[in-house]
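Participant: Fold the following, please.
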Amino acid sequence: MSLGGALALAFAAGAAGMDLAFEKVDNRWLLAGWLVGFFYRRVCGEEKWLGRYFLGVSLPIIFLFGLFWLRMLGAGDVKLLSVLGGFLGAKAICRCMLLAFLFGGLLSAAILFTCGNFGPRLAYFSHYISTMLQTKKRLPYYRRGKRPENIHFTVPILLGVMLYAGGFY
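Facilitator: Residues are numbered from 1 along each chain as shown. Reported below is the predicted structural model:
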């Protein structure tokens, strides 16, 4: 495992732990991650390090802005993926995002089938979309509080980073 992969894994694990404990990832943790990633890239001495750092940091924000804007993905999740992009680079963070969404989908499907609320959740999604189209207002997709369908997306992010950093993808 590379040093960048180990650093990404450490920051993803810290963020997941924070999210599970407090339902929020502290912005100071994320700021520290951006700074450590910046200096890590600088110390590595690779050619065009600054451009590669900013590309890795920017891609998650660009790709996931729509989901954040629709309030389907939290700002902390987008910022965490941005931090990880600073360590891993553009190509690797795209792979990690793909893995995170695959794990998130599997986790969501498991929750839907285990809780037996697939029909009501499908109806909720349909109602959410139709309400947004009618009112032209962005509404939070999630329901507040500790509900089984509210997953902490930092956990699928951590799983994606674990697979990537471990060399499985």
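Participant: quick one: buried residues of the one helix or strand in the chain whose mean pLDDT sits lowest?
Facilitator: Sorting the helices and strands of the chain by mean pLDDT, DSSP states H and E puts helix 118-135 at the bottom, at a mean of 81. Applying a neighbour-count criterion of 16 or more other C-beta atoms under 10 Å, one finds Y128 buried in helix 118-135. No exception for glycine: its C-beta is placed from N, CA and C like everyone else's.
Participant: What helices and strands are in contact with the following helix or strand past that helix?
Facilitator: Next along the chain after helix 118-135, taking DSSP states H and E as the criterion, comes helix 154-165. Under the contact criterion of 3 or more C-beta pairs under 8 Å, 6 or more residues apart in numbering; DSSP states H and E, helix 154-165 touches helix 3-22, helix 75-88, helix 90-115.
Participant: what about the spatially most central residue of the chain, distance to C44?
Facilitator: Nearest residue to the geometric centre of the chain (C-alpha atoms, centre = their mean): D77, 3.8 Å. Per C-beta to C-beta, to the nearest Å, D77 is found 26 Å from C44.
Participant: can you check E23 too?
Facilitator: If you go by C-beta to C-beta, the gap between E23 and C44 works out to 35 Å.
Participant: The residue nearest to the centre of the chain touches I151, doesn't it?
Facilitator: No - at 10.4 Å, D77 and I151 do not qualify as touching, with contact defined as C-beta atoms under 8 Å.
Participant: Whichever strand or helix holds Y53: which residues count as buried?
Facilitator: Taking DSSP H and E as the criterion, Y53 maps to helix 49-69. By 16+ other C-beta under 10 Å, the buried positions in helix 49-69 come out as 52-53, 55-57, 59-60, 64, 67.
Participant: List the residues that contact the residue located most distally from the centre of the chain.
Facilitator: Here the chain reaches farthest from its C-alpha mean at Q134, the gap being 29.2 Å by C-alpha atoms, centre = their mean. When contacts are counted by C-beta atoms under 8 Å, 6 or more residues apart in numbering, Q134 touches no other residue.
Participant: Look up how far R41 lies from it.
Facilitator: Counting by C-beta to C-beta - Q134 and R41 are separated by 46 Å.
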